[in-house]
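Student: fold the stuff below for me.
(2 chains)
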Amino acid sequence: MQDNEIIELFFARSELAISETSSKYNSYMFVIANNVLNSESDSSEVLNDSYMRLWNSIPPTRPTSLKAFLAKIVRNLSINKFNSKKNKNQFEVEPLNELENYLFANGNGESSLESKELTKIIDEFLEKENKINRIVFLRRYWFFDKISLISQKTGFSENKIKSLLMRMRKKLKIKLIKEGVSL
Amino acid sequence: MKTLELFNSAFSDVNDKFIDEAISYEKNTNEKLKTATRKFSFGFSKKIFAFYSSVATIIIVLVLVFSSSMSSKPPVITDITNQKLNQIEVNGEFYQTANRTDEIQRVYPFYELPYCKSFNIKYNEIDFHNYYNFDDVPFVVLTTLPGGTSIYEFNCSKAEIYNQKYDSCFPQVDESLVGEKLSDVSLSYENLIDDYIYYKNAEIYALNGFSSNFAILVKFENSNRYYPYVGDYNFSSVEEILSVSKFEENVNYGEITYSSVILNHLNSFTFFEPDKTKLKELFFDGTENVQQPEIFELSSKYFNIKLTIPVLGVEGAYFSLNDKGVLFINLNFAQKSYYIGEEKYQQFVDYVLTLNCKRLVDPNPYTTTQSTSTSQKVSTSQGNSGSNSKTYQIPAQSTSIIYTKRASN
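Tutor: Predicted structure coming up:
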């Protein structure tokens, strides 16, 4: 079933929308959740919550890309779940640390920016990058893929991926500082 | 707010197009890279192969640049608004969607979520669309990909004329409906293949019988067809939707469907050829007195009524009536819900049961163990990502039973 048909099912408040979404995207959603949580049971819980969130969001939202919309929901819920875990220190999300430790190495300032404004800055940063850099960056820091997996998918060596990511982290930091974001 | 928290939240909301890009790359590029290297290295070492392939690439690029500059012919996608929804023509080549006949016949697996049983939902005045604005172009038509990545998935275009927003799903209208010419405009549209924005001239006409704030016709350059675009009209009531869209005159009702679990099998019932006058009587007679609750309980028992409004280019719209007597209206350009009462629901059921009906039964039994816990199902299906568990498999075959129309008394 096409995504727009699934969206129509949501608008018609048909529970088939959930089953269709599940049969088409369950694996995909699970991978995103599990990249963050590294736990089958936690990821499954997040998926359940994601279906609920999806059902509550459509309508009124009519996403232009159901897949991206789902990915955002699952990622957000997974990060929330991860942050709420008491023993989270036992397991670290490597990409998350990589990015945070670099960008916020000097501490973690307060910011008066709105989240939307910061998203705009990040969007501008990504827009200026070439496509392959952007994809590698997102695969690592948005989808939390392992370097080895990105290497396998792109055909680049792991060292190349690491240096590409390092350059992009630097550029992002410069961009954030230029835009007045307090790091 | 701490910058770190803010950053995480902001980064989660990056533009969908970047996420889509990263997703599609995952799907497509891997194979290409691998097979390209495997198939064409001819046993040379990687470095030698890389060198010669670079030289070859440069030569090919030069040849292409030369030939394209000689012909000076830009890539052309024909008027996308003339395309059928399942077919697109690019540079004289036709691309066809996958044959989905089997999908129409298949029975969907039953997937019960405990929290879908009932919960409150609030409907307000809603903006359902994502529009794009180009400040320097007065008229914008952008095709959108609801699913995001495939050329086959586009279904509608959105237009903005001097701050007024319109939608179209491309069916053309008869010339008798063409009213006076309103203006000439320059429009743009996004080529779904190469992602470029192309420009085209168009004429805007009134759609006879409708206010131009609500609906207009667009006639594209080099085309003799008129496409209805429906405005982003702010309806305050169901009555207003019906009168502004001249709903009763123009609506065509399609099939009515109902799904239920009977004797441990998912049953899907489809009822054909409902009578327009009868449905009007059931849904709208006395609507001036109906309650329009903001909050109500959803029900798992409901009928979906498919409908089209050809004159407005509306296809794939739905009514959904549940056993609580709540009617959801989704006409693409307007969404509202209101309470018509459980008595009317019962009258509707009595009427529907007199229609021709087709019943599809899922041959796989629906058992309590399959539905006790969503998390169980998810975990079993995902223990080995990439392969689906039995719970989610579409049955290979469905049982189809045809019912004939009852003799009327």
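Student: and the helices in chain A, which stretches?
Tutor: Here chain A has its helices, by DSSP state H, at A:3-11, A:16-37, A:40-57, A:66-84, A:94-103, A:115-128, A:131-141, A:147-154, A:158-178.
Student: and those helices as TSV, adding mean neighbour count, mean pLDDT and distance to chain B?
Tutor: The way it works is simple: take the backbone N, C-alpha and C, and place the C-beta from them, glycine included. Formatted as TSV, the helices of chain A follow (neighbours: other Cβ atoms under 10 Å in any protein chain shown; pLDDT from 0 to 100; distance: least, Cβ to the nearest Cβ, whole Å):
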stretch	mean neighbour count	mean pLDDT	distance to chain B
helix A:3-11	22	87	3
helix A:16-37	22	85	4
helix A:40-57	20	85	4
helix A:66-84	21	86	4
helix A:94-103	16	77	6
helix A:115-128	17	87	4
helix A:131-141	20	88	4
helix A:147-154	17	81	5
helix A:158-178	15	83	8
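Student: among those, which is nearest B:Thr270?
Tutor: helix A:16-37 (13.4 Å; Cβ to Cβ).
Student: I figured B:Asp232 hits B:Tyr166, correct?
Tutor: Yes: between B:Asp232 and B:Tyr166 a contact is recorded at 7.0 Å, counting by Cβ atoms under 8 Å.
Student: more neighbours, those two?
Tutor: B:Tyr166 (24 against 18; other Cβ atoms under 10 Å in any protein chain shown).
Student: and the more buried one, how far from chain A?
Tutor: Distance of B:Tyr166 to chain A, given as Cβ to the nearest Cβ, to the nearest Å: 16 Å.
Student: run through the residues that contact the nearest residue to that residue once chain neighbours are set aside.
Tutor: Distance criterion Cβ to Cβ, 6 or more residues apart in numbering or on different chains; nearest residue to B:Tyr166, sequence neighbours excluded, is B:Tyr229 at 3.6 Å. Applying Cβ atoms under 8 Å, 6 or more residues apart in numbering or on different chains, one finds that B:Tyr229 lies in contact with B:159, B:166-168, B:215-218, B:313.
Student: B:Tyr229 belongs to a strand?
Tutor: Yes: membership of B:Tyr229 in a strand is supported by DSSP: H, G, I helix; E, B strand; the rest coil.
Student: quick one on the thing from earlier: and which of the contacts of B:Tyr229 is nearest chain A?
Tutor: Chain A lies nearest to B:Asp167 out of the contacts of B:Tyr229, by Cβ to the nearest Cβ, at 10.9 Å.
Student: can I assume that closest one is in contact with B:Leu331?
Tutor: No: the criterion here is Cβ under 8 Å, and B:Asp167 misses it with B:Leu331 at 10.8 Å.
Student: any chance of the helices of chain A in a markdown table, plus distance to B:Glu249?
Tutor: Rendered in a markdown table, the data for the helices of chain A read as follows (distance: least, Cβ to Cβ, whole Å):
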| stretch | distance to B:Glu249 |
| --- | --- |
| helix A:3-11 | 24 |
| helix A:16-37 | 31 |
| helix A:40-57 | 35 |
| helix A:66-84 | 34 |
| helix A:94-103 | 58 |
| helix A:115-128 | 44 |
| helix A:131-141 | 50 |
| helix A:147-154 | 55 |
| helix A:158-178 | 57 |
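Student: tabulate the CA atom coordinates of stretch A:14-26 in PDB.
Tutor: Coordinates of the C-alpha atoms in stretch A:14-26 are reproduced here as PDB (Å, rounded to 0.1, in the frame of the first residue of the first chain):
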ATOM      1  CA  SER A  14      -9.400   3.200  10.300                       C
ATOM      2  CA  GLU A  15      -7.300   0.900  12.400                       C
ATOM      3  CA  LEU A  16      -6.000  -0.700   9.200                       C
ATOM      4  CA  ALA A  17      -3.800   2.300   9.000                       C
ATOM      5  CA  ILE A  18      -1.800   0.900  12.000                       C
ATOM      6  CA  SER A  19      -1.600  -2.600  10.600                       C
ATOM      7  CA  GLU A  20      -0.500  -1.300   7.200                       C
ATOM      8  CA  THR A  21       2.100   1.000   8.800                       C
ATOM      9  CA  SER A  22       3.300  -1.900  10.900                       C
ATOM     10  CA  SER A  23       3.600  -4.300   8.000                       C
ATOM     11  CA  LYS A  24       5.500  -1.800   5.900                       C
ATOM     12  CA  TYR A  25       7.700   0.000   8.400                       C
ATOM     13  CA  ASN A  26       8.000  -2.100  11.500                       C
END
